[in-house]
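# Fold the following.
(4 chains)
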2 protein chains.
Amino acid sequence: MSSSAQKHDVFQAIADPTRREVLRLLAEKERPISEITAHFPMSRTAIAKHLQVLSEAELVSGQKVGREKIYRLHPEPLTELKQWLSFYEKFWENKLSILKHIVENPSDHAIGIIEREDDRQK
Amino acid sequence: MSSSAQKHDVFQAIADPTRREVLRLLAEKERPISEITAHFPMSRTAIAKHLQVLSEAELVSGQKVGREKIYRLHPEPLTELKQWLSFYEKFWENKLSILKHIVENPSDHAIGIIEREDDRQK
DNA sequence: TTGACATGAAACCAAATGGTTTTATATAAT
DNA sequence: ATTATATAAAACCATTTGGTTTCATGTCAA
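Below you'll find the model as predicted:
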């Protein structure tokens, strides 16, 4: 895993479940690497690399304090994700609202039958 | 790239820029593989594999019509992304609103503002 | 000052990823 | 019937990814 900047964007950064869990941990509070590592069944080195990826995406930043390196969440880049999502929201919200309408008005979706029944009665 | 189901989730599916562009194209209208391929500088086979990944994440589905396979967008799985994002929204929106407030009221930015906003939330 | 602790850095590795080319098969059009 | 079109499937390949182990370095504590 190289350390050059700009190699990972926010989409790639959140693709990995371990990294998403790291973000969740840092959302609670800032933590040193070893404390983060304690939550996972893998080595400190592996976590350090995940932090590197998150750092390239600018979702976290680390500051050395004494012999520890304290990482903290930096959620702003997620706005890019939100923007990307908003484009698709209209699509699925439309679909879901149609579904919602059917569920809330169970009589409506048999209109054809009802009209035919009315016709018969005439 | 294997074809077994459940191997790719929505987070992985959208991590690749090509796949995001494929989604955008399918948001406009449903299209056969070759029409999608025409928008990219890579082979039809490569695009077919990307469609496979998107299909595993249930973001698209393909239906054979004659000799073509027509793919269409299936945006519902993006709700998972939206839910995941909503957890972090409060963080950055808080930060941005504080910044906005400071920008709009240059006179009264010391610490007091932030502490007062924290108090309101308690 | 001597360990113990927290991290950094490098070498290594297997598997996944993102692409290619080749070959085969079904359908449409002439 | 023949040919062109659209896709499928498989083999192959280089690079990236996600992990490891090992060794070096800086810092805190006794």
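# all helices of chain A, in order?
If DSSP state H is used as the criterion, the helices of chain A fall at A:10-13, A:17-28, A:33-37, A:44-56, A:78-104, A:111-121.
# worst average pLDDT in these?
The minimum mean pLDDT among the helices of chain A belongs to helix A:111-121 (a mean of 35).
# If we look just around DNA strand D, which residues of chain A are in range?
A:1, A:7-8, A:12, A:15-16, A:18, A:42-43, A:45-46, A:49-50, A:53, A:66-67 (Cβ under 7 Å from any atom of the strand). C-beta: built from backbone N, CA, C; applies to glycine.
# again, only using 10 Å
A:1-2, A:7-9, A:12-13, A:15-19, A:22, A:37, A:40-50, A:52-53, A:56, A:64-68 (Cβ under 10 Å from any atom of the strand).
# Which members of the residues you listed are classed as buried?
Those of these that meet the buried threshold are A:8-9, A:12-13, A:15-16, A:19, A:22, A:37, A:47-48, A:50, A:52-53, A:56, by 16 or more other Cβ atoms under 10 Å in any protein chain shown.
# Look up phi and psi at the residue of chain A found nearest DNA strand D.
Using Cβ to the nearest atom of the strand, A:G66 is the residue of chain A that sits closest to DNA strand D, at 2.5 Å. Backbone torsions of A:G66, given as degrees, to the nearest 10, read phi 60, psi -130.
# How about the contacts made by it?
A:G66 makes contact with no residue, according to Cβ atoms under 8 Å, 6 or more residues apart in numbering or on different chains.
# how far away is it from A:P32?
9 Å (Cβ to Cβ, to the nearest Å).
# which of the buried ones among the residues of chain A next to DNA strand D are close to DNA strand C?
A:Q12, A:A15, A:D16, A:T37, A:I47, A:A48, A:Q52.
# contacting residues for the residue positioned nearest the centre of chain A?
What sits nearest the mean C-alpha location of chain A, by Cα atoms, centre = their mean, is A:I14, with 7.0 Å. Applying Cβ under 8 Å, 6+ apart to A:I14 gives the contacts A:R20, A:L23, A:L59, A:L81, B:F11, B:A15, B:W84.
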